[in-house]
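*Asks:* Pasted the sequence and its predicted model underneath.
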Amino acid sequence: LQRTSKFSVIESPGVFQSTPAAVAAPAARPLLPPARVPSASSTCPSETAPPPSVGSPPGVSLGASKRDFDAVLSVGEECISPDELRSLMDACASGPGVRRFNCYDGFEPSGRMHIAQGVFKAMNVNKIVASGGTFTFWVADWFALMNDKMGGDLDKIKVVGKYLIEVWKAAGMHGTENGGVVFKWASEEICGNADKYWPMVLDVARRFNVTRIKKCCQIMGRLEGSLTAAQVLYPLMQCTDVFFLKADVCQLGVDQRKVNMLAREYCDHARRKRKPVVLSHHMLYGLKAGQEKMSKSDPDSAVFMEDSAEDVERKIMNAYCPTAPPQEELCGTDADADAGKASMHLTDDGLKNPCLDYVEHIVLCPPGSTFTAAGTVYDHFAQVKIDFLAGKISEAELKGGLVSALNALLEPVRRHFTQDSDAKFLLDSVHRFKKETSGGVVRTFRRLDAVAAGLVPAKAHVVFAPRPRGNPTLQSAWDTLAQIRAAPQGAAGTVFYLADWAAVVRNDCSADPKVITAYYDVLLAAMRAIAPKVMEGVHVVRQSEAILKDPSNYWISVINVGRFFSLDTVQCGDKDSDCVGMVIARLMGVAETIACSPHSVAFSTEDTFGTTAVRLTKQYFTQAGVPLPPPTFLEAQSACLSLHLRVEAAHATENDGYCLLDDPNVHGKSKMKKAFCEPGNVKFCPPIALSCAFRIDLGVGLIEIQRSSENGGNVSYGSRTEIEADFASGALHPGDLKAFATGVVMDIMGRVAGAIKADKKTAQAAKTLKAFVKKQKKSKK
């Protein structure tokens with residue numbers, strides 16, 4: 001089955017309930033013998049189950065039959081692995097009751113269904129349902145919405161989805177009425193379970209590097225060098241679908257093999273015991289020379305389910321039909337070849353004859369089926385191929401037999417959409433929608449509107465929290481306060497944005513949500529203790545809570561941002577060996593600013609992640625046609641509170657700066673005692689920086705140095721310039737300066753510690769962070 005979209009579907013599922021009542025299609029050659037469709041609570045029929053061993057309880061099945069196993073295995077051109085499939089089917093068929101193993105595939109309702117997606121898929125589904133499985137179709141209507149199909153009208157997209165489902169029913173797909181086949185709609189399932197789906201996507205992203213995800217981009221038919229940033233999201237989401245749908249078997253085409261293998265690798269990383277079986281079916285060749293697969297953008301590359309008998313005859317009679325392999329490759333240059341095309345087919349087929357491909361995989365696919373050509377009835381494909389290559393069947397005779405066989409399969413579908421009023425309404429609607437949107441895709445601007453959702457005030461000043469870490473620093477709190485204080489007069493309030501989901505996908509704090517939340521709780525308590533007036537009226541917004549207000553529009557906006565930028569641009573010099581989660585987090589950062597539509601955004605040049613996000617956001621607002629006023633970006637300046645200068649980061653120690661969880665009496669004194677304080681050096685003087693920051697900059701008082709009359713007596717400073725002048729001249733001794741700075745730090749750290757202890761939640765957060773740091777130190781030993 002080829003995906004209808006350029007990438008595999010990953011929309012939100014919702015159990016289909018509103019399909020019009022189908023009338024029975026006119027009789028035709030069945031796609032399979034009468035199917036054995038087990039109900040959810042049924043047990044394996046005795047004629048297919050192995051005989052119970054001596055002493056086994058009556059009515060207890062001991063495993064799947066060889067017939068069922070072989071039928072399911074025949075669906076795939078490749079199975080990874082047959083042993084796992086056998087174990088799965090045995091486990092489901094054993095015991096006092098039977099659990100149906102769950103296969104899944106997905107499709108985007110884009111308006112057309114070719115014969116591989118229609119008839120070939122129905123045949124494979126029937127085999128699986130008849131052998132004890134349930135087949136779950138992931139109806140990717142959310143992705144069609146994201147791609148602005150049908151003018152971005154979800155109601156129209158759903159009509160198209162219902163039409164495609166009706167096609168399968170008319171084509172003879174079993175199980176659609178009794179639970180053997182389930183249709184889940186992405187728009188309902190993803191949006192209705194956004195708190196589960198999207199964290200799973202982020203967890204997948206944080207566990208893989210860019211190189212690995214690039215290898216999966218065949219599902220969009222893209223070369224690695226031409227990827228947009230959004231295209232790395234699609235494999236991550238498709239991988240998530242496997243687990244979100246609780247799929248036992250990924251039953252997709254060979255073109256989806258790499259992303260299905262990603263799901264198996266994820267099980268290793270996430271320590272999931274049961275890996276999904278990958279059962280990849282054959283990809284039918286396109287009807288034109290050199291077409292490795294069919295294309296919905298080329299109507300003559302395939303037979304479509306709505307084609308008339310005349311269309312089928314014209315396409316097949318004009319189809320590429322060689323008797324010998326071509327001497328030269330017909331698939332175009334490397335520059336325009338699809339990514340990963342070499343792996344589109346797993347079997348070596350130098351002939352690449354689409355007519356023979358149709359005979360083997362469509363006409364002769366169902367057990368007991370036959371194919372007639374040149375007056376001979378064939379029940380095995382091998383003999384058809386031998387006779388064709390030997391000249392016993394001419395090209396015209398092969399094509400004539402194929403036209404008759406295909407029309408026999410399609411005729412019930414045609415009659416159903418002619419005779420059934422509900423089905424005819426769906427088909428007419430789809431044709432009308434296609435005409436209405438024939439002018440091409442027009443992108444719809446979508447975003448989470450945080451103002452309308454009541455999350456932020458209009459025209460606010462926005463500050464994004466620093467990246468979480470196990471041991472939050474005084475420097476990070478001070479830098480953030482400087483950004484909050486940078487709010488211009490025109491801003492209507494200040495928003496402090498806690499990007500907790502972005503922290504997860506970046507692997508901050510080992511992606512532990514409890515530790516990330518603990519970091520924010522401690523940081524907030526510290527900032528409120530240090531500068532209570534500054535923090536008055538600040539709106540605190542947690543990213544996860546904001547996203548869940550309107551997850552659909554939020555993630556569409558993230559993907560649209562990713563479509564605008566190349567992957568290389570968003571990587572910003574990162575290596576392909578780096579985590580792909582950094583790319584996702586940067587896209588989210590742009591989407592957050594769009595969501596808030598702020599008056600201004602403050603950032604620190606010391607925050608490399610933040611400055612990169614600001615650069616991307618500026619570019620997106622100015623070049624992507626965002627219908628919102630661009631915010632003012634403010635570079636907030638703040639004092640460096642480091643206690644030592646280190647040329648190499650590897651030389652850094654715990655004494656290089658104050659942490660919010662430091663003991664005021666112990667660390668407040670000991671760290672200042674060891675702090676760098678070279679006489680006369682005002683370029684880097686930590687005691688001056690700390691004293692000025694928490695006295696003069698905060699406006700809470702003067703710097704008052706206490707010293708004996710022999711040493712010049714007490715002295716007060718009201719500005720940094722004054723104290724630096726005395727220190728540079730030698731009038732202020734380092735010892736006297738450190739004594740005052742120690743008192744300042746002890747006062748600030750004492751207030752922070754008191755605020756943490758005063759609140760039960762924050763106190764627990766501090767314990768969580770300390771435990772995390774301790775665990776990290778142990779793991780490094």
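*Replies:* The structure has been received and is ready for your questions.
*Asks:* so what's the closest residue to residue 426 other than its chain neighbours up against?
*Replies:* Once flanking residues are discounted, residue 426 sits nearest to residue 163: 4.1 Å by C-beta to C-beta, 6 or more residues apart in numbering. The way it works is simple: take the backbone N, C-alpha and C, and place the C-beta from them, glycine included. Residues counted as contacts of residue 163 (C-beta atoms under 8 Å, 6 or more residues apart in numbering) are 109, 426, 427, 429, 430.
*Asks:* Let me know whether my guess that the first one is in a strand holds.
*Replies:* No. According to DSSP: H, G, I helix; E, B strand; the rest coil, the state of residue 109 is coil, so it is not within a strand.
*Asks:* The helix or strand hosting residue 314: which residues count as buried?
*Replies:* Using DSSP states H and E, residue 314 sits within helix 309-317. Going by neighbour count (16 or more other C-beta atoms under 10 Å), the buried part of helix 309-317 is 311, 312, 313, 315, 316.
*Asks:* that older thread, show me how to select, in ChimeraX, the buried members of the contacts of residue 163.
*Replies:* The ChimeraX command for the buried members of those (criterion: 16+ other C-beta under 10 Å) is given here:
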select :109,426,427,430
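*Asks:* Tell me where the model's unsure across this structure.
*Replies:* Applying pLDDT under 70 to the chain flags residues 1-63, 95-98, 218-225, 296, 328-343, 345, 348, 438-442, 781.
*Asks:* any idea how far the residue nearest to residue 426 is from residue 346?
*Replies:* Distance, residue 163 to residue 346, by C-beta to C-beta, to the nearest Å: 32 Å.
*Asks:* Residue 593 too?
*Replies:* From residue 593 over to residue 346 the distance is 45 Å, taken as C-beta to C-beta.
*Asks:* more neighbours, the two?
*Replies:* Higher neighbour count among residue 593 and residue 346: residue 593, with 27 against 14, using other C-beta atoms under 10 Å.
*Asks:* Which residues are in contact with the more buried one?
*Replies:* Counted by C-beta under 8 Å, 6+ apart, residue 593 has contacts 462, 601, 613, 617, 631.
*Asks:* likewise residue 418?
*Replies:* Applying C-beta under 8 Å, 6+ apart, we find residue 418 in contact with residue 424.
*Asks:* With residue 202 as the reference, measure out to it.
*Replies:* 48 Å.
*Asks:* do residue 253 as well
*Replies:* Distance of residue 253 to residue 202, given as C-beta to C-beta: 27 Å.
*Asks:* who's more crowded, the two?
*Replies:* Neighbours were counted for residue 253 and for residue 202 using other C-beta under 10 Å; residue 253 has more, 26 against 22.
*Asks:* was I right about that one contacting residue 280?
*Replies:* Yes. Applying C-beta atoms under 8 Å as the test, residue 253 and residue 280 come out as touching, 6.3 Å apart.
*Asks:* by contact count, what packs against the host helix or strand of residue 142?
*Replies:* Secondary structure assigned from DSSP H and E places residue 142 in helix 141-146. Counting contacts by 3 or more C-beta pairs under 8 Å, 6 or more residues apart in numbering; DSSP states H and E, helix 141-146 packs against helix 154-170, helix 186-192, helix 551-564.
*Asks:* Moving C-terminal from the helix holding residue 314, which element do we reach first?
*Replies:* As assigned by DSSP H and E, the chain's next helix or strand after helix 309-317 is helix 354-358.
*Asks:* How about residues contacting that next one?
*Replies:* With contact meaning C-beta under 8 Å, 6+ apart, helix 354-358 is reached by 115, 284-287, 291, 303, 316, 319-321, 381, 384-385, 388, 398-399, 402, 406.
*Asks:* okay, the contacts of residue 163 in TSV with secondary structure and distance to residue 642 next?
*Replies:* As requested, the contacts of residue 163 are exported to TSV (DSSP: H, G, I helix; E, B strand; the rest coil; distance: C-beta to C-beta, whole Å):
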residue	secondary structure	distance to residue 642
109	coil	57
426	helix	68
427	helix	70
429	helix	66
430	helix	65
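*Asks:* Just put the contacts of residue 163 in a markdown table and tack on distance to residue 715.
*Replies:* Formatted as a markdown table, those follow (distance: C-beta to C-beta, whole Å):
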| residue | distance to residue 715 |
| --- | --- |
| 109 | 78 |
| 426 | 87 |
| 427 | 90 |
| 429 | 85 |
| 430 | 85 |
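*Asks:* Spell out which two among the contacts of residue 163 are the most distant pair, please.
*Replies:* Comparing all pairs in these by C-beta to C-beta, the longest separation belongs to 109 and 427, at 13.5 Å.
*Asks:* hmm, back to that, closest one to residue 579 among the helices and strands packed on helix 141-146?
*Replies:* Nearest of the helices and strands packed on helix 141-146 to residue 579, taken as C-beta to C-beta: helix 551-564 at 16.0 Å.
*Asks:* Measure how that closest one sits relative to helix 154-170, angle-wise.
*Replies:* Calculated by axes from the mean of the first three to the mean of the last three C-alpha atoms, to 10 degrees, helix 551-564 forms an angle of 90 degrees with helix 154-170.
*Asks:* Excluding chain neighbours, what is closest to residue 292?
*Replies:* Spatial nearest neighbour of residue 292, chain neighbours left out: residue 344 (4.6 Å); criterion: C-beta to C-beta, 6+ apart.
*Asks:* which ones are touching that neighbour?
*Replies:* So residue 344 contacts 254, 255, 283, 292, 293, 338 (C-beta under 8 Å, 6+ apart).
*Asks:* Surely residue 196 and residue 243 touch.
*Replies:* No. The criterion here is C-beta under 8 Å, and residue 196 misses it with residue 243 at 10.1 Å.
*Asks:* Turn the contacts of residue 344 into a markdown table, including distance to residue 360.
*Replies:* Below are the contacts of residue 344 laid out as a markdown table (distance: C-beta to C-beta, whole Å):
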| residue | distance to residue 360 |
| --- | --- |
| 254 | 15 |
| 255 | 18 |
| 283 | 13 |
| 292 | 16 |
| 293 | 16 |
| 338 | 23 |
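*Asks:* For residue 512, state which of these is nearest.
*Replies:* Closest approach between those and residue 512, by C-beta to C-beta: residue 255, at 36.3 Å.
*Asks:* Based on its surroundings, how many neighbours for that closest one?
*Replies:* When neighbours are defined as other C-beta under 10 Å, residue 255 has 24 of them.
*Asks:* May I ask you to confirm that it is in contact with residue 293?
*Replies:* Yes. Between residue 255 and residue 293 a contact is recorded at 6.8 Å, counting by C-beta under 8 Å.
*Asks:* Any chance of the backbone angles for residue 412?
*Replies:* phi -60, psi -30 (degrees, to the nearest 10).
*Asks:* Tell me how far it lies from residue 120.
*Replies:* Residue 412 is 16 Å from residue 120, by C-beta to C-beta.
*Asks:* With residue 720 instead?
*Replies:* 76 Å.
*Asks:* out of these two, which sits in the busier spot?
*Replies:* residue 120 (24 against 18).
*Asks:* List the contacts of the more buried one.
*Replies:* Contact analysis of residue 120 by C-beta under 8 Å, 6+ apart lists 1, 281, 284, 361, 362, 365.
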